[in-house]
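Undergrad: I would like the atomic coordinates for the input below:
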Amino acid sequence: MSTRQRTVKLAYSAWPTGRHASAWRLPEAFNGGTVDPVYLADTVRTAERGLFDYYFMGNAISSTPTAVGNWHNDVFKLEGFTLAAYAAAISRHIGLVVTVNTTYAGPYDSARALVSLDHLSQGRAGLNIVTGADGVDGPARNYGQARHAVREDRYGRAEEFIGIVHGLSESWEDGYFVDDREKGTLFDLSRSHPLEFEGKFYSVGGALNLPRPPQGRIPIVHAGGSEKSFHYGARHADIRFSPFVSTEWNRDYYRRIKGLLPQYGRDPDDQFIIPGITFYVAGTDAEARRKFKEVQDLVVGEYAPMQVGALLGLDLSRVPRDERIVDAFTEETFRQHPWLGTALAAFGDESVTLHDLFHYISNRGHLNQPPVVGSGPRVARWIAENFEARAFDGVKLFPAYARTPLDAFVDLVVPELQRLGIYRRSYDTSTLRGHLGLAVPPSPHAARAPALTA
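TA: Numbering: from 1, shown residues only. Okay, the predicted model is just below:
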């Protein structure tokens, strides 16, 4: 096990209009962030001002009317490498994680873009690997396929994909650049190593027409709930994006995920478990809770007792909408459905009604990733308690809307984390691997004796 000091890892996820399905209706919300370069630059610089480890760029490759209607954050979403290159030019330290769907992307072009980004950012690139959700066929038709691949094939492709990306990125040894003008030798061609990969899904010759990236091996992010995902992440991922359900649930998840790494010869401390959390932060707890309730009240749709009852297994058709949930439900119901307790905690008192609960569950992300609501000190203590309990190694900020939540977190929570001694006060490294405390691995070809070729 590593002996290095643990510090909280922080990341920011770029959502065009925020994580909450209705918070964009707030008067102060900014909804033009999808393609607004000024807004995007502002969020990158603010996250870097907060000393975040990385800025995360998700992916959206489905453009069907159904997909657009289901989730407005997938509308007009910028291509990740383009956004990351823009972010690299206006920042100096923050890591830049790009998402690639390995079911549809080609490994050679992906490796070329990724290594280019690492060079232009001077070692700040990261790669989030996804394979797509079961049964979602919209993206397939954009890539000339009738159906989304089955899980077995998706992870088979992902396994070959990551091997090719790493192999290509390391296909030139250090010392390849000679620049001997007297002898007329610019490159040592013996330090180039074609990949010559032949697999079930890909055939790639190589070498890559770029030198080895500054980080040596670019950090990998992965998420998923299947056994294949868990083992894929244990083999390859430096960061596992996870849900957050509760401290107890996440402590068990943390132990299980970390426990897989030694099977693949890896130190458990070399992978970081980071859930996405929506924070409502303000100067006081009361102010934060007022904003949280204001957002919930923006949910579009009439109160539907059947929707609430279906989640609880109860008939609520005769229960008034303004009935308090602490009066409407038994203690047994609260025990069977722990998310009811998270709703009470988010609203901050026992006045939560069935109508409030309907708004809460209409943004179903709350059930698997409950929001954290409170003042800067309260939110910082919550992060610290879960960090110290090893429920996670850090958090990725999912702003409810654009862009006040990011500023509030940086201004009110970050100083408290620093005061608690679990977060950096300045960047002391310049690469994403450095921020994570990961060493640069040696080139796989480093043991070869050099042989200069004119």
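Undergrad: right, and residue 143 touches residue 101 too?
TA: No: counting by C-beta atoms under 8 Å, residue 143 stays clear of residue 101, with 9.4 Å between them. Yep, even glycine has a C-beta here, placed from its N, CA and C like the rest.
Undergrad: overlap in contacts of these two?
TA: Common contacts of residue 143 and residue 101, defined by C-beta atoms under 8 Å, 6 or more residues apart in numbering, comprise residue 61.
Undergrad: do you have the strands of the stretch 301-450 of the chain handy? List them.
TA: In the stretch 301-450 of the chain, the strands defined using DSSP state E, counting those that start in this stretch lie at 372-375, 394-397.
Undergrad: let me see the domain layout of this structure.
TA: Using automatic domain parsing, the domain ranges for the chain come out as 9-282+374-436, 300-362.
Undergrad: can you give me the strands for the stretch 151-300 of the chain?
TA: For the stretch 151-300 of the chain, strands defined by DSSP E, counting those that start in this stretch occupy the ranges 177-180, 185-187, 197-198, 203-204, 220-222, 239-242, 272-277, 279-282.
Undergrad: and the strands of the stretch 301-450 of the chain: which comes nearest residue 237?
TA: strand 394-397 (14.2 Å; C-beta to C-beta).
Undergrad: gap between the nearest residue to residue 432 once chain neighbours are set aside and residue 297?
TA: Closest residue to residue 432 apart from its sequence neighbours, by C-beta to C-beta, 6 or more residues apart in numbering: residue 95 at 3.4 Å. For residue 95, the distance to residue 297 equals 36 Å [C-beta to C-beta, to the nearest Å].
Undergrad: neighbour count for those two, which is higher?
TA: Using other C-beta atoms under 10 Å as the criterion, residue 95 and residue 297 rank with residue 95 on top: 28 against 12.
Undergrad: for residue 118, give me its contacts.
TA: Contacts of residue 118 (C-beta under 8 Å, 6+ apart): 124-125, 213-215, 218.
Undergrad: and residue 105, its phi and psi?
TA: phi -80, psi 150 (degrees, to the nearest 10).
Undergrad: circling back: residue 143 and residue 101: who's more crowded?
TA: residue 101 (19 against 12).
Undergrad: residue at max distance from the center of the protein?
TA: Relative to the centre of the chain, the most outlying C-alpha is that of residue 182, 49.7 Å out, by C-alpha atoms, centre = their mean.
Undergrad: please tell me how far that one sits from residue 155.
TA: Applying C-beta to C-beta to residue 182 and residue 155 gives a distance of 52 Å.
Undergrad: do the same with residue 375
TA: Residue 375 is 43 Å from residue 155, by C-beta to C-beta.
Undergrad: check residue 89 too.
TA: From residue 89 to residue 155 the distance is 35 Å (C-beta to C-beta).
Undergrad: neighbour-wise, which of those two wins?
TA: Counted by other C-beta under 10 Å, residue 89 and residue 155 do not tie: residue 155 has more neighbours, with 21 against 11.
Undergrad: so for the more buried one, what's the nearest residue that isn't a sequence neighbour?
TA: Using C-beta to C-beta, 6+ apart and skipping residues adjacent in sequence, the residue nearest residue 155 is residue 228, 4.6 Å away.
Undergrad: quick one: contacts for that neighbour?
TA: Neighbours of residue 228 in contact, by C-beta under 8 Å, 6+ apart: 151-152, 155.
Undergrad: and which of these is nearest to residue 105?
TA: The nearest member of the contacts of residue 228 to residue 105, counting by C-beta to C-beta, is residue 155 at 14.8 Å.
Undergrad: distance of that closest one relative to residue 208?
TA: Distance of residue 155 to residue 208, computed by C-beta to C-beta: 24 Å.
Undergrad: for the closest residue in space to residue 24 that isn't next to it in sequence, list the residues it contacts.
TA: Distance criterion C-beta to C-beta, 6+ apart; nearest residue to residue 24, sequence neighbours excluded, is residue 17 at 4.3 Å. Applying C-beta under 8 Å, 6+ apart to residue 17 gives the contacts 23-24, 29, 31, 33-34, 72-73, 401-402.
Undergrad: in helices, which of those appear?
TA: Using DSSP state H, no member of the contacts of residue 17 falls within helices.
Undergrad: any idea which of those residues is closest to residue 333?
TA: Nearest to residue 333 among these: residue 23, at 28.2 Å, using C-beta to C-beta.
Undergrad: got phi/psi on the residue lying closest to residue 143 once chain neighbours are set aside?
TA: Nearest residue to residue 143, sequence neighbours excluded (C-beta to C-beta, 6+ apart): residue 104, at 4.6 Å. Main-chain torsions, residue 104, degrees, to the nearest 10: phi -120, psi -30.
Undergrad: shift numbering so it begins at 22
TA: Sure, I'll start counting at 22 from here, so that last one is residue 125.
Undergrad: residue 125 against residue 160, yeah?
TA: Yes: assessed by C-beta under 8 Å, residue 125 is found in contact with residue 160 at 6.3 Å.
Undergrad: shared neighbours of those two, which are they?
TA: Any residue near both residue 125 and residue 160 by C-beta under 8 Å, 6+ apart counts here, and that gives 82, 153.
Undergrad: alright, I will stop here.
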